[in-house]
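A.B. asks: Model the structure of this input:
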Amino acid sequence: MQNLLMEARLLTNDWRYSHIGELAFNYFMVACHLNPQEHIRLWHDNGKLIGYAILGEDPSFDCQVLPEYEWSGIETEALIWVEARINELRIHDEKQWGGILVSGSRQDDAKRIAFLEQHSFQYCGDSAEVNMLRSLAEPIPESQMPHGYQIREVFETGEITNRASIQREVWHPWTVGNVSDDDYAHLMQLPGYYRDLDIVSIAPNGVIAAYVNGWIDPLNKIGDFGPVGALQNYRRQGLTRAALLEGLRRMKAYGMNRVCVSTGVSNVPARQLYESIGFKVVNRYLDYAKCEKNKMQAYY
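C.D. replies: As a prediction, the model looks like this:
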C-alpha cells in the first residue's frame, strides 16, 4: 500500500495522493481498534496492488487507486463495499457505527469531488485541513530549549509507557488518542516507522512534554509530520517547535528535499507554529459527509 502511494505521487503531484505517513498512522488506528482484514479491501491486477479502500472508525472512508486505473470502477466498488460493511456493523453496534460516513478530497481534485457529490456526499463547510509545505533547501533555524530540557528520539525500551501516555493525554477523547502501551509498541514495528523520527522533548523530570512523529517517502524525497502534540502544562515553551526543527534536520539527513504537515483550518496556534519555521499553505483537504436525511440535519 505504501509503494502504491509513492508510485502514484511520482506519476502525479504532491497532493493528489496521501503521504505514506498518513497511511501508516491510519493503518495503525485500524490495527489498534478494528480487524484490518475486515476493514481494508485491496484490488490487484496480475498480482500488482492497484487500489485499496479503508473503512475507519467514526465512520470514515478512504480510497486510493493508481492513476492509470482511476475512475474505471474501483472507486464505485469500494464505496459499495464500505456502505454494505457499515450496514452489517450497525446491526451489531449502532452506537459505534451509526454516525454519518465521512470521506474527503483535496480542494483541487475535481474528479474526486465530483465522484463524492454524485454519490450524495456534501461538503462539510468549515471542516477542512490546510496542507502545508516547506523546502529543506531553506536554512533550518537552531532549536531554543528551556534550561534542563533535552530533545532526542524516543527510547525503544523503557519509554513506551511514557510515549503512549502523551499520545492519550494530548488527543483524548478523539480516536487518535485511544492508544495503549501495547498498541504503541506495535506501531514501532510497522513498516515506515523510524524511531529516530519519533522525536520527543524531555522535561527535567523525565516526562515527555512534546512529540513529533516523522515519516519519509524515499522515492519522492518528501517527509511528513503527524501526529504532533504537547502536554497542556508544557505548551508555549518552544518544545514542539524544537522537536519539529530537529525532525527537519533529520529528514534532510535522510535525503528529503521538502516536508509537509497538515492541521485544521481553525487551529490557529498550530498554523502559526508551522509558519514560524517556514511552512506555507499550499492546499486544503475538504471533508464530505454522506447525505442521509435525518442524520445530515443533526450533523449540521
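A.B. asks: switch to C-alpha atoms for all contacts and neighbour counts from now on
C.D. replies: OK.
A.B. asks: For the stretch 201-300 of the chain, which segments count as helices?
C.D. replies: 239-253, 268-276, 293-299 (DSSP state H, counting those that start in this stretch).
A.B. asks: By residue count, which strand of the chain is the longest?
C.D. replies: strand 121-135 (DSSP state E).
A.B. asks: in its sheet, what does that strand sit against?
C.D. replies: strand 258-264 (antiparallel), strand 280-290 (antiparallel) (DSSP bridges).
A.B. asks: Switch those strands over to JSON lines, and while doing so, append mean pLDDT and mean neighbour count to every line.
C.D. replies: Output for the strands paired with strand 121-135, formatted as JSON lines (pLDDT from 0 to 100; neighbours: other Cα atoms under 10 Å):
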{"stretch": "strand 258-264", "mean pLDDT": "97", "mean neighbour count": "22"}
{"stretch": "strand 280-290", "mean pLDDT": "96", "mean neighbour count": "19"}
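A.B. asks: okay, the ones you listed in CSV with distance to residue 54 next?
C.D. replies: As requested, those are exported to CSV (distance: least, Cα to Cα, whole Å):
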stretch, distance to residue 54
strand 258-264, 20
strand 280-290, 16
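A.B. asks: Between these, which one is closest to residue 127.
C.D. replies: Minimum separation from residue 127 across these (Cα to Cα) falls at strand 280-290, 5.9 Å.
A.B. asks: Show me what the closest residue to residue 39 other than its chain neighbours bridges to in the sheet.
C.D. replies: Of all residues not flanking residue 39 in the chain, residue 55 sits nearest, at 5.1 Å (Cα to Cα, 6 or more residues apart in numbering). On the basis of DSSP bridges, residue 55 takes part in beta bridges with residue 61.
A.B. asks: Next up, the contacts around residue 55.
C.D. replies: Contacts for residue 55 (Cα atoms under 8 Å, 6 or more residues apart in numbering) come out as 39, 40, 61, 62, 82.
A.B. asks: And the first one, how far from residue 10?
C.D. replies: Read that as residue 39. Per Cα to Cα, to the nearest Å, residue 39 is found 27 Å from residue 10.
A.B. asks: Make sure residue 265 is actually in contact with residue 125.
C.D. replies: No. With contact defined as Cα atoms under 8 Å, residue 265 does not reach residue 125; the gap is 11.1 Å.
A.B. asks: remind me, longest helix of the chain?
C.D. replies: Counting residues, the longest helix found in the chain (DSSP state H) is helix 74-92.
A.B. asks: which residues touch residue 123?
C.D. replies: Contacts here follow Cα under 8 Å, 6+ apart; on that basis residue 123 touches 286, 287, 288, 289.
A.B. asks: Nearest to residue 102, out of the helices of the stretch 201-300 of the chain?
C.D. replies: Here helix 293-299 is closest among the helices of the stretch 201-300 of the chain (Cα to Cα), at 11.1 Å.
A.B. asks: could you give the mean pLDDT of the closest one?
C.D. replies: Averaged across helix 293-299, the pLDDT comes to 48.
A.B. asks: before we move on, back to that, higher neighbour count, residue 265 and residue 125?
C.D. replies: A count of neighbours by other Cα atoms under 10 Å puts residue 265 above the other of residue 265 and residue 125, at 16 against 10.
A.B. asks: Excluding chain neighbours, what is closest to the more buried one?
C.D. replies: Here the residue nearest residue 265, using Cα to Cα, 6+ apart, is residue 129, at 5.1 Å.
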